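Asks: Next comes the sequence, and after it the predicted model I'd like to discuss.
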Amino acid sequence: DDMVRPEGARQPPRAMGMKPPSSLGVHSGDRKVVHEGTARVSQDTFDDMVRENMDDLGMEEAEAVQDAADQLRAQGVDTGNLLLEAPGPARDDHPVVAGLRALEEALACGEEAVRELPFGDGAAQSAMRVTFRALPQNEDARAAAADALARVREACGAPGEDG
């Protein structure tokens, strides 16, 4: 095998229903070095796992959440992007969820923009098309977006613009 893995690199997890980790090959001289990302699942997938634990296995909410999180971690899945709580109305009040909804509402009046971003060089040059929503021109909507973003950052424990 002419594949060389960076020191400490893990074999990619193999599990159905998950997005596989990214694997980029970088040629270095005569050998190929593999760089691997981390597998992640969506909040919806995690919520489905929790519901299945509760409905099919009769688990209580806390046990169902813990079991789903443990299953994912055992398969090498990074759970840092998930709210590790049972789905339902109580979670809808979570500060991150509420802040993201407020941000989405504030940005709703912004115009959709599309940009092509070039990358690579030589024969490997290509472009990536990115679609995003521009900040609204309305000052009230901009202030609402800034406030919502500050709430999300605070709920995530991220420092504000001052710190």
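Replies: Good, I have the coordinates. Residues are numbered from 1 along each chain as shown.

Asks: Confirm that R115 sits in a strand.
Replies: Yes: under DSSP: H, G, I helix; E, B strand; the rest coil, R115 falls within a strand.

Asks: Any stretches of this structure with poor pLDDT?
Replies: Low-confidence segments of the chain (pLDDT under 70): 1-37, 158-163.

Asks: Could you pull out the helices in it for me?
Replies: Counting by DSSP state H, the chain has these helices, from start to end: 43-57, 61-74, 89-92, 95-107, 139-155.

Asks: For the second one, buried residues please.
Replies: Spelled out, that is helix 61-74. Neighbour counts over helix 61-74 (16 or more other C-beta atoms under 10 Å) mark A64, V65, D67, A68, A69, L72 as buried. Every C-beta, even on glycine, is put in place using the N, C-alpha and C of the backbone.

Asks: Might you report the residue contacts of the third one?
Replies: Right, D67. Shown in contact with D67 (C-beta atoms under 8 Å, 6 or more residues apart in numbering): N53, M59.

Asks: rerun that using 6 Å as the cut-off
Replies: N53 (C-beta atoms under 6 Å, 6 or more residues apart in numbering).

Asks: From A74, how far off is it?
Replies: From D67 across to A74, the span is 10 Å (C-beta to C-beta, to the nearest Å).

Asks: again with the fourth one
Replies: Here the criterion is C-beta to C-beta. By it, A68 lies 11 Å from A74.

Asks: How about the second one?
Replies: As defined by C-beta to C-beta, V65 lies at a distance of 15 Å from A74.

Asks: ok so, going back, out of the helices of the chain, which is closest to R115?
Replies: Of all the helices of the chain, helix 95-107 sits nearest to R115, with 16.6 Å by C-beta to C-beta.

Asks: How far does the closest one sit from its chain's centre?
Replies: The chain centroid and the centroid of helix 95-107 are separated by 16 Å under C-alpha atoms, centre = their mean, to the nearest Å.

Asks: which parts of it are buried?
Replies: Neighbour-count burial for helix 95-107 flags V97, G99, L100, A102, L103, A106, L107 (criterion: 16+ other C-beta under 10 Å).

Asks: Right, I'll leave it there.
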